[in-house]
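Engineer: Sequence below, structure please.
(one chain, ligands or ions: 2)
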Amino acid sequence: MQISPSILSADFANLERELDRISNADWAHVDVMDGHFVPNLTLGLPVVEALQKVSPIPLDCHLMIDDPDRWAPSYAEAGAKSVTFHIEAAKNPVALARSLRAAGARAAMALKPKTEFAPYEDLLPELDMVLVMTVEPGFGGQSFMADQMPKVRQVRDAVQRHGGEIWVQVDGGVSAKTIEQCAEAGADVFVAGSAVYGADDAANAIGELRELASQ
Ligand code: DX5
Ligand code: ZN
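Structural biologist: Residues are numbered from 1 along each chain as shown. Ligands and ions are numbered 1, 2, ... in the order given. Below is the predicted model of the structure:
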């Protein structure tokens, strides 16, 4: 069970210090938004390169951008250990996943809430993780969509059939109230933004989430 706090809810004026607050996390989740694929704009490659230099934690880059085929490999080359592209935006997901792996990153595919998993199941051999969004991507602090749990289960079952080490990540509205149902449905990597950075003691919140997910 791994916890990947989203720095979207961190203080953007003090990102290095904000990474120190989550030193017991497995990953730091970095939400890249381009104002096109989603109606919000956050940060891009220069900031990821700067974070990579100071982060003691591996970066888990979630790219909510158009044309990931063109842009995603640069994030892997910058040193991100996991790079997630949205299948809704990818033109050639097989080639894209291969180029991410060739650059030394884990390759991951994300599904928006309305996107079915079944049409993409045959991509599993190219992937190291599938991200099932539990909110519409774009903003932190939204309500968890419990209706995505059957999809998490479906992905977990497919991963089990396929074998190999493919992780199942959930992202959006994950908190102490909702993490157990995600784990029960088969998720094993949990992104949490407001639930971690909104807490006075972020490290403590991470410990609590990990414990709840592991029960
Ligand atoms: C939403 C982002 C999430 C977001 C999660 O588009 O992908 O990573 O930061 O924030 P919370 O945990 O507050 O829902
Ligand atoms: Zn995210």
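
Engineer: Show me what residue of this protein gets nearest to ligand 1.
Structural biologist: Gly193 (2.8 Å; CB to the nearest ligand atom). (Glycine included, C-beta is placed from N, CA and C.)

Engineer: which non-adjacent residue is nearest the residue nearest the centre of the chain?
Structural biologist: Geometric centre of the chain, nearest residue: His62, 5.2 Å, by CA atoms, centre = their mean. Nearest non-adjacent residue to His62, counting by CB to CB, 6 or more residues apart in numbering: Thr84, 4.8 Å away.

Engineer: partners of that neighbour in the sheet?
Structural biologist: On the basis of DSSP bridges, Thr84 takes part in beta bridges with His62, Ala108.

Engineer: isn't the residue nearest to the centre of the chain right next to Met129, touching?
Structural biologist: No. Counting by CB atoms under 8 Å, His62 sits too far from Met129 to count as a contact (10.6 Å).

Engineer: related to what we said a few turns ago, which residues touch the residue of the chain closest to ligand 1?
Structural biologist: By CB atoms under 8 Å, 6 or more residues apart in numbering, the contact list for Gly193 reads 5-9, 29, 31, 140-141.

Engineer: Same check on Trp71?
Structural biologist: By CB under 8 Å, 6+ apart, the neighbours of Trp71 are 45, 63, 65.

Engineer: What is the burial count for the first one?
Structural biologist: The reference is to Leu45. A count of nearby residues for Leu45, using other CB atoms under 10 Å, gives 15.

Engineer: What does the pLDDT read for the residue nearest to the centre of the chain?
Structural biologist: On pLDDT, His62 comes in at 99.

Engineer: need the contact list for it.
Structural biologist: Residues near His62 by CB under 8 Å, 6+ apart: 6, 29-32, 84, 110, 131, 171, 191.

Engineer: and these near ligand 1, which?
Structural biologist: Taking CB under 6 Å from any ligand atom as the test, ligand 1 is in contact with 6, 29, 31, 171, 191 out of the contacts of His62.
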